[in-house]
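Undergrad: I would like the atomic coordinates for the input below:
(chains A and B)
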Amino acid sequence: MAKVQVDSELKEILPTFLKNRENDCHQLKELIEAGDLAGVKKIGHKVSGSSGGYGFKELGEIAKNIELAAESGDQEKASKLIESFVNYVQTIEVEYI
Amino acid sequence: MSSKNKVILIVDDDVDVLNYLKTLLENVGHEVHVARDLSSARATLTTVYPHLVLLDINIEDENGFSFIGDIKKIDPYKRIKIIMISSLTSKKALAVSQQYGTDGYLVKPINNDILLTTMKKIGPSCKFPDAKNLEPKFSGVMCKLLGTITSISEVNVTLRSKVKFQEKQKINLECEFIDKLELNHAQFIINPPSTDISPGVYDTEIQMVGLNDNDLKEIRKIKAIKG
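TA: Sure thing, here's the model as predicted:
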């Protein structure tokens, strides 16, 4: 379970953020299956740049590692990290503070 | 709008970053405009004159630095402040940012504390000079402003803009609406002072002098249609 504390100031925009991460999960699975590491890197880069601000520091770190693994051409590592990413997104529980 | 509140343009291709920065900055009273690509950002610059631009370096297939030239075109005296935002932490990215003469560099992810501290720091330098009490030798100075004609009567039009007029003076109106009614031959004279509509937005009555019977008839037709 990924329990995350989020600033209540972000309550209105958080659903869009979470919906976008669900879309990322689908895209990442498709891209890694197709061996498209450039596409994987792009999503990793994007998520690592936005997650921290919303309070999802751990997700941002996973995304950063996905970006780095894809950049170095390590498909196996990227694949494992994508599993972690999907697992994290699927188990997010938000607590507004 | 208080002097502490600024007009800010954020340019970033990531909708989550835009939503995040927009929410936080609006919550502390700033007026925020967003653009997801450089063509939208350029379009925004034709209607908005921001105090500050938060500019992403990597925007899809474009380079954020290239937008700095567009800003300089409308702001040769560098009154608009520019802060680059990027995940890039390399010395090279920072050096390039400095070479372009930007006013700061924020590394993503940007959190609330970093953003508000940055605004506190740069806020005082985000200001435009007041143009008032001009000496007679500067009386020929001309400037352009953007606004919207919100109403018309047989004697005046109302201009909604971000400029608060304090003195009676002539003004040229370039407006499709005025062109269509063929009212360009009239003289347009500001009837001060402007009235406050919302923070930073003012309505100014502009008297139309020299209209003929036909002009008045055309104006009445519009009123009749609207009514």
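
Undergrad: spell out which parts of chain B neighbour chain A.
TA: Counting by Cβ under 8 Å from any Cβ of the partner chain, the positions of chain B adjacent to chain A are B:14-17, B:19-20, B:23-24, B:27, B:87, B:108-112. Every residue, glycine included, has its C-beta placed from N, CA and C.

Undergrad: determine which two of those residues are furthest apart.
TA: Taking Cβ to Cβ, the two most distant members of these are B:Asn27 and B:Ser87; they sit 24.2 Å apart.

Undergrad: more neighbours: the two, which one.
TA: B:Ser87 (18 against 13; other Cβ atoms under 10 Å in any protein chain shown).

Undergrad: so what's the more buried one up against?
TA: Residues near B:Ser87 by Cβ atoms under 8 Å, 6 or more residues apart in numbering or on different chains: A:His45, A:Ser48, A:Gly49, B:Asn58, B:Val107, B:Lys108.

Undergrad: wait, isn't the fourth one in contact with B:Gly64?
TA: Yes: proximity of B:Asn58 to B:Gly64 meets the contact threshold set by Cβ atoms under 8 Å, at 6.9 Å.

Undergrad: and for those two, which residues touch both?
TA: Once Cβ under 8 Å, 6+ apart is applied, the residues that B:Asn58 and B:Gly64 both contact turn out to be B:Ser86.

Undergrad: quick one, which of the two is more surrounded?
TA: More crowded of B:Asn58 and B:Gly64, by other Cβ under 10 Å: B:Gly64, with 24 against 19.

Undergrad: return the backbone torsion pair for that one.
TA: Backbone dihedrals for B:Gly64, given as degrees, to the nearest 10, come out at phi -60, psi -30.

Undergrad: now do the strands in chain B.
TA: B:7-11, B:31-35, B:52-56, B:58-59, B:62-63, B:81-86, B:104-107, B:147-152, B:156-161, B:187-198, B:201-209 (DSSP state E).

Undergrad: still on that earlier bit, pull out the buried members of the residues of chain B next to chain A.
TA: When those are checked for burial by 16 or more other Cβ atoms under 10 Å in any protein chain shown, the buried set is B:14-17, B:19-20, B:23-24, B:87, B:108-112.

Undergrad: just for chain B, where's the confidence low?
TA: Screening chain B residue by residue with the criterion pLDDT under 70, one finds the ranges B:1-3, B:130-141, B:199, B:223-227.

Undergrad: skip the chain neighbours and tell me the closest residue to B:Ile149.
TA: Spatial nearest neighbour of B:Ile149, chain neighbours left out: B:Val157 (5.2 Å); criterion: Cβ to Cβ, 6 or more residues apart in numbering or on different chains.

Undergrad: so who does that neighbour touch?
TA: For B:Val157, the contact set (Cβ under 8 Å, 6+ apart) comprises B:Ile149, B:Ser151, B:Leu173, B:Ile178, B:Phe188, B:Glu205, B:Ile206, B:Met208.

Undergrad: mind giving me the ChimeraX select for these, buried ones only?
TA: Selecting only the buried members of those in ChimeraX, with burial defined as 16+ other Cβ under 10 Å, works like this:
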select /B:149,173,178,188,205,206,208
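
Undergrad: if you drop the residues flanking it in sequence, what lies closest to whichever residue of chain A sits closest to chain B?
TA: Among residues of chain A, the one nearest chain B by Cβ to the nearest Cβ turns out to be A:Gly52. It sits 2.8 Å away. Take A:Gly52 and drop its neighbours on the chain: the residue closest to it by Cβ to Cβ, 6+ apart is B:Pro109, 2.8 Å away.

Undergrad: tell me if I'm right that that neighbour and A:Val47 touch.
TA: No: in this structure, B:Pro109 sits apart from A:Val47 without contact. The criterion is Cβ under 8 Å, and the distance is 9.7 Å.

Undergrad: joint contacts of the two?
TA: A:Gly60.
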